[in-house]
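> coords below, sequence missing:
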């Protein structure tokens with residue numbers, strides 16, 4: 001597992017809007033929160049020499065659950081889906097979206113990205129291979145309590161997965177110093 005704490009506050013000094021969320025999730029608020037998290041993850045990857053192609057607004061990538069094409073320093077590429085979880089620091093869990101209120105599978109099962117990159121404000125960034133996360137969810141499912149999250153006009157059912165277990169399967173863990181985002 002990779003853990004990088006060598007970067008200081010100056011590298012993350014770009015002003016960003018505050019990350020906050022109401023009790024009921026709505027698309028516009030969640031989109032703003034997500035875009036802020038994406039900017040932070042992009043900056044983190046750029047510091048490590050990655051070039052980033054934002055494909056989040058392209059329909060073929062949206063359908064596949066892909067936000068970015070990452071070009072590694074060695075020239076190889078990977079696709080990534082970014083997730084900003086503003087509740088994870090408080091709950092100690094990452095939320096794995098399983099299905100919507102029409103029982104259609106959500107990103108946890110449908111994303112075709114090579115990597116999932118979770119940004120937890122004021123805490124850490126975790127890079128996880130989707131297959132490993134799905135296997136963890138499948139193995140832990142009997143112990144995980146389903147949670148329904150209301151949105152305007154629909155709801156999502158998912159599983160809160162303990163951060164400690166996700167860290168164990170993560171390929172990279174970056175812990176932030178005490179920075180205010």
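Everything's here; your move. Remember, predicted model here, so these are calculated numbers, not experimental data.
> Report the spatially closest residue to the most centrally placed residue in the chain, excluding sequence-adjacent ones.
Central residue of the chain (C-alpha atoms, centre = their mean): residue 83, 2.2 Å from the mean position. The shortest distance from residue 83 to any non-neighbouring residue, by C-beta to C-beta, 6 or more residues apart in numbering, is to residue 118 (4.9 Å). (Each C-beta comes from the backbone N, C-alpha and C, glycine too.)
> if we can go back for a sec, any idea which element the residue nearest to the centre of the chain lies in?
strand 77-84 (DSSP states H and E).
> Going by neighbour count, which residues in that strand are buried?
79, 80, 81, 82, 83, 84 (16 or more other C-beta atoms under 10 Å).
> before we move on, back to that, direction included, what does the helix or strand where the residue nearest to residue 83 lies pair up with?
Assigned by DSSP H and E, residue 118 falls within strand 115-120. Applying DSSP bridges, strand 115-120 is found paired with strand 77-84 (parallel), strand 124-128 (antiparallel).
> taking the mean pLDDT, what do you get for the longest one?
Read it as strand 77-84. In this model, strand 77-84 has an average pLDDT of 97.
> Figure out how far the helix or strand following it is from the centre of its chain.
Downstream of strand 77-84, the next assigned helix or strand under DSSP H and E is helix 88-91. For helix 88-91, the separation from the chain centroid amounts to 13 Å (computed by C-alpha atoms, centre = their mean, to the nearest Å).
> How about stretch 44-61?
On C-alpha atoms, centre = their mean, the centre of stretch 44-61 falls 14 Å from that of its chain.
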